[in-house]
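Asks: Got a predicted structure here, sequence first:
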Amino acid sequence: MAIERKQIDLTPLKNANVPIFFIVGGPGSGKGTQCERIVNKYGLSHLSSGDLLRAEVQSGSARGAQLVKIMEAGELVPLEVVLDLIKEAMVNEVKKGSKGFLIDGYPREVKQGDQFESEIQPATLVLFFDVSEDTLVKRCLKRAETSGRCDDNIETIKKRLATFNNATAPVTDHYEKKHKLVRIAAEGTIDEIFSHVTPHLDRVFGSNQKVAASA
Ligand SMILES: Nc1ncnc2c1ncn2[C@H]1C[C@H](O)[C@@H](COP(=O)(O)OP(=O)(O)O)O1
Ligand SMILES: [Mg+2]
């Protein structure tokens, strides 16, 4: 069963023309943690495709009901539907005065990125949180103690790592060739990593955002 695509008026988004950052990295690389810091400092909107899908299901809409069927059948949600959800969320956020977007955990594949950029707007930068596999596993296992996330167990973590290496690694190559990739060394403390992130955002937004730099 195909889910109908929605016609979404992107005019508000085009007029606002705010920067868009793709946030990529393995499971446990700290994407969510760093996005929260970025949101606090720069007032950007943080969108995660997984959260948007879960919210659509919760909303009780007809489309949400169709999504449940697809997910229960173990099939992949069509890329177009994910894109429609992202578009709707972006238009809503920009109407509220968003200064830009962090698209967390997306694109998972080169094709997803290309489709996003052709239908919506090219990404300004792609932030890649670069962490060794050892660290990814350790952080996911630690997160398991409190997250209640069913995918934070050693078997699933290994599978997610394999998927990441196969499908997502080409994404970083793709944006490296386009000179949009920012590789963040992300092994250190949360503060250390954030200090590697801010210069790249300051480059886009201007350094007047800096809190401590003028000292
Ligand atoms: N620099 C850091 N050092 C130690 N632990 C970190 C860290 N950054 C994040 N964590 C913790 C928080 C979580 O429990 C776990 C995974 O972080 P996350 O932000 O949820 O990653 P992601 O969203 O990329 O899957 O690791
Ligand atoms: Mg996350």
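Replies: Perfect, thanks for sending it. Numbers count the residues shown, from 1 in each chain. Ligands and ions are numbered 1, 2, ... in the order given.
Asks: can we go C-alpha only for contacts and neighbour counts from here?
Replies: OK.
Asks: secondary structure element for residue 204?
Replies: Residue 204 belongs to helix 190-205 when assigned by DSSP states H and E.
Asks: What residues of that helix count as buried?
Replies: Of the residues in helix 190-205, 193-194, 197-198, 200-201 count as buried by neighbour count, 16 or more other CA atoms under 10 Å.
Asks: With respect to ligand 1, which of those residues is nearest?
Replies: Comparing these against ligand 1 with CA to the nearest ligand atom places residue 193 closest, at 6.5 Å.
Asks: tell me the pLDDT at that closest one?
Replies: Predicted confidence (pLDDT) for residue 193: 98.
Asks: now it: how far from residue 187?
Replies: 8 Å (CA to CA, to the nearest Å).
Asks: Over to residue 162?
Replies: Taken as CA to CA, the span from residue 162 to residue 187 is 20 Å.
Asks: Name the residue in these two with the higher neighbour count.
Replies: residue 187 (16 against 13; other CA atoms under 10 Å).
Asks: Roughly how far does the more buried one sit from residue 90?
Replies: 31 Å.
Asks: again with residue 80
Replies: For residue 80 relative to residue 90 (CA to CA), the value is 15 Å.
Asks: higher neighbour count, those two?
Replies: More crowded of residue 80 and residue 90, by other CA under 10 Å: residue 90, with 23 against 16.
Asks: pLDDT score for that one?
Replies: pLDDT for residue 90: 97.
Asks: quick one: contacts for it?
Replies: 13, 101 (CA atoms under 8 Å, 6 or more residues apart in numbering).
Asks: May I have the phi/psi pair for residue 48?
Replies: Dihedral angles of residue 48 (phi, psi; degrees, to the nearest 10) stand at phi -120, psi 130.
Asks: Is it correct that it is in contact with residue 104?
Replies: Yes: using CA atoms under 8 Å, residue 48 makes contact with residue 104 at a distance of 4.9 Å.
Asks: Which one's more surrounded, the two?
Replies: Comparing residue 48 with residue 104 by other CA under 10 Å, the one with more neighbours is residue 104, at 21 against 16.
Asks: which residues touch stretch 159-171?
Replies: 26-27, 107-110, 133.
Asks: quick one: which two of these are the most distant?
Replies: Greatest spatial distance among the contacts of stretch 159-171 (CA to CA): 110 and 133, at 21.6 Å.
Asks: Give me the more crowded residue out of those two.
Replies: Each of residue 110 and residue 133 has its neighbours counted (other CA under 10 Å); residue 110 has more, 18 against 15.
Asks: for the more buried one, what are its contacts?
Replies: So residue 110 contacts 167-168, 170-171, 174 (CA under 8 Å, 6+ apart).
Asks: Which positions within stretch 17-35 qualify as buried?
Replies: Buried-residue list, stretch 17-35, by 16+ other CA under 10 Å: 18-32, 34-35.
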